[in-house]
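Undergrad: sequence first, predicted coordinates after that:
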Amino acid sequence: QVQLQESGPGLVKPSQTLSLTCTVSGGSITTNSYYWTWIRQPPGKGLEWIGYVAYSGSTYYSPSLKSRTSISRDTSKNQFTLQLSSVTPEDTAVYYCASWTSSIQGYDYWGQGTQVTVSS
């Protein structure tokens, strides 16, 4: 059973960089055809896709967030990390990591989510 767990600060000041890590257990982030994804949900709004790091190490970001987003991975720790720079209160959300696989053309595992609040 694959499990994903988000970790990182729950409070970030405006203009700083938000950094979250997703630790994967029960499976490898280098498994073929898997895309390790970050998704967020602002309060009162729907899910917003942020980007992914693929099993190959390639990355792809939402065009609306691309200029502020970086997703990297550490294969030795089986983790992938989101960095979102120059945050504003509009970045306040519950942040989820999830795995998307081409075998089902969908998400098969999700983390429980972590609340991040941007406030001074």
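TA: Cool, the structure landed.

Undergrad: contacting residues around the residue minimising distance to the centre of the chain?
TA: Geometric centre of the chain, nearest residue: Trp38, 2.5 Å, by CA atoms, centre = their mean. Trp38 is in contact with 20, 22, 50-52, 71, 82, 95-98, counting by CB atoms under 8 Å, 6 or more residues apart in numbering. For glycine as for every other residue, the C-beta is placed from the backbone atoms N, C-alpha and C.

Undergrad: can you pick the most crowded of the residues you listed?
TA: Cys97 (30 neighbours; other CB atoms under 10 Å).

Undergrad: list the strands paired with the helix or strand where that residue lies, with their directions.
TA: Assigned by DSSP states H and E, Cys97 belongs to strand 93-101. Here strand 93-101 has these sheet partners by DSSP bridges: strand 34-41 (antiparallel), strand 106-110 (antiparallel), strand 114-118 (antiparallel).

Undergrad: among the ones you listed, which is the most enclosed?
TA: strand 34-41 (a mean of 22; mean count of other CB atoms under 10 Å).

Undergrad: which element follows it toward the C-terminus?
TA: Next along the chain after strand 34-41, taking DSSP H and E as the criterion, comes strand 48-54.

Undergrad: what's in contact with stretch 26-37?
TA: 1-3, 22, 24, 49-55, 71, 73, 75, 78-80, 97-103, 107.

Undergrad: any chance of the strands paired with strand 93-101 in a markdown table, plus mean pLDDT and distance to Val87?
TA: Converted to a markdown table, those look like this (pLDDT from 0 to 100; distance: least, CB to CB, whole Å):
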| stretch | mean pLDDT | distance to Val87 |
| --- | --- | --- |
| strand 34-41 | 98 | 12 |
| strand 106-110 | 96 | 23 |
| strand 114-118 | 98 | 5 |
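
Undergrad: what's the closest of those strands to Asp91?
TA: strand 114-118 (5.0 Å; CB to CB).

Undergrad: what's the closest one in contact with?
TA: Here strand 114-118 makes contact (CB under 8 Å, 6+ apart) with 6-14, 18, 20, 87-96.

Undergrad: now restrict these to buried residues only.
TA: Buried members of those, counted by 16 or more other CB atoms under 10 Å: 6, 12, 18, 20, 87, 91-96.

Undergrad: check the gap between Thr101 and Ser86 for me.
TA: In this view, Thr101 and Ser86 are 32 Å apart by CB to CB, to the nearest Å.
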